[in-house]
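Asker: Sequence plus predicted model, see below.
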Amino acid sequence: MKNIVSINHLIPGDFKNKNEVSNIQLMDDFNNNYLKDAKKETCIQKFNHFCPPEYWNFDLNHENTIKNIEQINKILNWDYKSKKGILAAGPTNLGKTRSMWALLKRLSYNDSIQFTYFSARFLFVKIQDYIKNGNDPYQWIQSIALEPIVFIDDFGQQALLSSREDYINACFFQFLNTRVEHRLPLLMTTNLTSNQMAERTNEVRADPLIRRLLDIADVIKF
């Protein structure tokens, strides 16, 4: 993208030529519109890159959709300015992930809001790769934790290295704590109940995990 330099600083204190003032205002308006269009295009490209093809279209008349239309509408109508996100929980094939992608499509195409996406499996593998290579994932965790919107799909399906499980879970807690501290929402889907999530977490961290998730996400049960 070309650098756009504001020319406001070129305007003298006593600028008498109204046509020139008008032209400068038009130029600034053009610059602002250009930046908005560029941001929207970036958001759309990012959505198109990350969204799996099977989630491009959302059929509200699908059998599973009709059964869960109340939950789905709550997701589709989520306000990105909200300080709390969504934890969509329930069995598979009920529309949780599809609803999330439909929401992200609206945010990207209509509102020019960027998001960061990970499958839970990829997120935890990434953390494990840092550790296996002798690197500290702290900076990477912090960078993604500060993104405006993060979507984590299929939490609970990640496989952890048993020898470093506690440290890996600690990294995820760091991610959650950062989002809680900065009041940033989280979008997440899971097939697990709260008890099952606790069972798959170190006993010491089980209750704090649930509390932190509830701090940044409202549960929608499918």
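Answerer: Received it, and whenever you're ready, just let me know what you need. Note that the coordinates shown come from a computational prediction; the quantities given were computed from them, not determined experimentally.
Asker: so where do the strands sit in this protein?
Answerer: Along the chain, counting by DSSP state E, strands occupy 85-89, 116-119, 150-155, 186-190, 217-221.
Asker: Redo the ones you listed as a markdown table? Include distance to residue 144, mean pLDDT and mean neighbour count.
Answerer: To be clear about C-beta, it is placed using only N, CA and C from the backbone, and glycine gets the same treatment. Supplementary listing: the strands of the chain in a markdown table, determined by distance: least, C-beta to C-beta, whole Å; pLDDT from 0 to 100; neighbours: other C-beta atoms under 10 Å:
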| stretch | distance to residue 144 | mean pLDDT | mean neighbour count |
| --- | --- | --- | --- |
| strand 85-89 | 14 | 94 | 24 |
| strand 116-119 | 6 | 94 | 18 |
| strand 150-155 | 7 | 94 | 22 |
| strand 186-190 | 11 | 95 | 24 |
| strand 217-221 | 16 | 93 | 16 |
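Asker: Pipe the ones you listed into TSV and attach distance to residue 172 per row.
Answerer: Rendered in TSV, the data for those read as follows (distance: least, C-beta to C-beta, whole Å):
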stretch	distance to residue 172
strand 85-89	14
strand 116-119	11
strand 150-155	10
strand 186-190	11
strand 217-221	14
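Asker: give me the beta-bridge partners of the residue most central in space within the chain?
Answerer: Most central in the chain under C-alpha atoms, centre = their mean is residue 150, positioned 2.1 Å from the mean C-alpha point. Under the criterion DSSP bridges, residue 150 forms beta bridges with residue 116, residue 186.
Asker: And it, how close does it get to residue 115?
Answerer: With the distance defined as C-beta to C-beta, to the nearest Å, residue 150 ends up 7 Å from residue 115.
Asker: As a check, name the ranges of all helices in this protein.
Answerer: Using DSSP state H, the helices of the chain run over 18-50, 63-67, 69-76, 96-109, 120-132, 138-145, 165-181, 194-199, 206-216.
Asker: Need the winner for burial among the ones you listed.
Answerer: helix 96-109 (a mean of 21; mean count of other C-beta atoms under 10 Å).
Asker: CA atoms of that one as CSV?
Answerer: Output for helix 96-109, consisting of C-alpha atoms alone and laid out as CSV, is shown next (Å, rounded to 0.1, in the frame of the first residue of the first chain):
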residue,chain,number,x,y,z
LYS,A,96,-21.8,-24.1,15.8
THR,A,97,-18.8,-23.6,13.5
ARG,A,98,-20.9,-22.7,10.5
SER,A,99,-22.6,-20.0,12.5
MET,A,100,-19.3,-18.6,13.7
TRP,A,101,-18.0,-18.3,10.1
ALA,A,102,-21.3,-16.7,9.0
LEU,A,103,-20.7,-14.1,11.8
LEU,A,104,-17.1,-13.6,10.7
LYS,A,105,-18.2,-13.1,7.1
ARG,A,106,-20.5,-10.3,8.2
LEU,A,107,-17.8,-8.7,10.3
SER,A,108,-15.3,-8.9,7.5
TYR,A,109,-17.6,-7.9,4.5
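Asker: That helix vs strand 186-190, what angle?
Answerer: Using axes from the mean of the first three to the mean of the last three C-alpha atoms, to 10 degrees, the direction of helix 96-109 lies 160 degrees away from that of strand 186-190.
Asker: Helix 96-109 relative to strand 217-221, how many degrees between them?
Answerer: In this structure, helix 96-109 runs at an angle of 130 degrees to strand 217-221, with the same axes, to 10 degrees as the basis.
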